[in-house]
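Trainee: Everything below, folded, please.
(one chain, ligands or ions: 1)
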Amino acid sequence: MRVPFLDLRAAYLELQGEIDAAVARVLASGWYLAGPEIEAFEAEFASYCDNRHCVAVASGSDALELTLRALDIGPGDEVIVPSHTFIATWTAVSATGARPVPVEPDEVTYLIDPARIEAAVTGRTRAIMPVHLYGQPVDLEAVVAVADRHGLAVVEDAAQAHGSRYRGRRIGSGTTATAFSFYPGKNLGALGDGGAVVTADPELADRLRLLRSYGSRVKYRHEIRATNHRLDELQAAVLRVKLARLDEWNDRRRQVADRYLTELTGFADLTLPTVAAWSDPVWHLFVLRTPDRQQLQERLSAAGVDTLIHYPVAPHRTPAYADTPLAAGAYPIAERLADQVLSLPMGPHLSAEAVTAVVRAVGASAGLAAAR
Ligand SMILES: *Cc1c(COP(=O)(O)O)cnc(C)c1O
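Mentor: Here you go, the predicted model:
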């Protein structure tokens, strides 16, 4: 049995009737941008996040970058980011001209450690960007407490956390703004690129609407210099179908994670993910940690189990940041994680048999390591 890392075709096939009908409705409407599907999706997603405003944009990267721009963050400013994250968190900051300032994660949760943030705050710091990595919510109260002490914005990167809960409340409210990605492989995925910002602040939402569409509210009246970052009607119509299933599909991910967590215990060389006391995660990824990752990955591959690494190189070690002082920085926790993490197959369409196959293959490989 071959176990794919994630089966996007199965996700489409389960909803084929509804998705095809939604796509046909948009095609027949003759209206493809800035129309009723976007408006309806924005209202539905804001309500899903228990928040007031949603501004749909072309990608998660746009959602992050435009939010920083809307807050007037740019050259000369600093934004605090985790040292361990997908690089798009950092590049969104860099795209504004501001400087990402990395803070190391907690070694147990792999999430930005709020206790280390204050030491990174300077006179130029404007915002903190916590990332709910792998679908695990950051300890937001602790982050907001630091932000409030220093008058900083909190812009959440929730690209991997649609529907996850922090202290019982869905991610997407309670901070300055929350950015989501609808990249196809995310928990709420479009059939292409997409993103959104959710906020309670009407002025921030208004500014985001200007920034996403040539700086204009009314056709040919351009209030600020801005380019084009719109989501289209087709993607919005598809996202409305999938939003209605998000909780159910997240529950299925939870069931897979529960089995991994109970059936993969007891191997000395394997560290399983830890769920923090405040956290109800949505398991975008199920990430193991092991000192001999390459061997485990090769054995799983030989057993027909596809795995991925999120992420193999810490952002400060990538060529993208080689010409900045960050490249010489020491972020040992991020570097260790980059060397040791391995993501098992995870998704709402992973069958019980496939989970069994993964558990057996990991058990066989980890057992071999223990016997060595
Ligand atoms: C996917 C992702 C992004 C970027 O979203 P895109 O829609 O691909 O631009 C940003 N941050 C994190 C943590 C992500 O996983």
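Trainee: mind saving the C-alpha coords of the helix or strand containing Gly17 as PDB?
Mentor: Per DSSP states H and E: Gly17 is located in helix 16-29. In PDB, the C-alpha atoms belonging to helix 16-29 read as follows (Å, rounded to 0.1, in the frame of the first residue of the first chain):
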ATOM      1  CA  GLN A  16     -17.400  17.300  -6.800                       C
ATOM      2  CA  GLY A  17     -21.100  17.900  -7.200                       C
ATOM      3  CA  GLU A  18     -21.100  21.100  -5.100                       C
ATOM      4  CA  ILE A  19     -17.800  22.400  -6.400                       C
ATOM      5  CA  ASP A  20     -18.800  21.900 -10.000                       C
ATOM      6  CA  ALA A  21     -22.200  23.600  -9.400                       C
ATOM      7  CA  ALA A  22     -20.400  26.600  -7.700                       C
ATOM      8  CA  VAL A  23     -17.900  26.900 -10.600                       C
ATOM      9  CA  ALA A  24     -20.700  26.600 -13.200                       C
ATOM     10  CA  ARG A  25     -22.700  29.300 -11.400                       C
ATOM     11  CA  VAL A  26     -19.700  31.700 -11.600                       C
ATOM     12  CA  LEU A  27     -19.000  30.900 -15.200                       C
ATOM     13  CA  ALA A  28     -22.600  31.500 -16.200                       C
ATOM     14  CA  SER A  29     -22.800  34.700 -14.300                       C
END
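Trainee: Tell me the helix or strand right after it.
Mentor: That would be, after helix 16-29 and using DSSP H and E, helix 36-48.
Trainee: where's that following helix relative to the chain centroid, distance-wise?
Mentor: 20 Å (C-alpha atoms, centre = their mean, to the nearest Å).
Trainee: So which bits of it are buried?
Mentor: Buried residues in helix 36-48, counting neighbours by 16 or more other C-beta atoms under 10 Å, are found at Glu37, Ile38, Phe41, Glu42, Glu44, Phe45, Ala46, Tyr48. Glycine gets a C-beta too; all of them are placed from N, C-alpha and C.
Trainee: With stretch 339-352 instead?
Mentor: Buried-residue list, stretch 339-352, by 16+ other C-beta under 10 Å: Gln340, Val341, Leu342, Ser343, Leu344, Pro345, Met346, Gly347, Pro348, His349, Leu350.
Trainee: do you know how far the second one is from Cys54?
Mentor: For Val341, the distance to Cys54 equals 32 Å [C-beta to C-beta, to the nearest Å].
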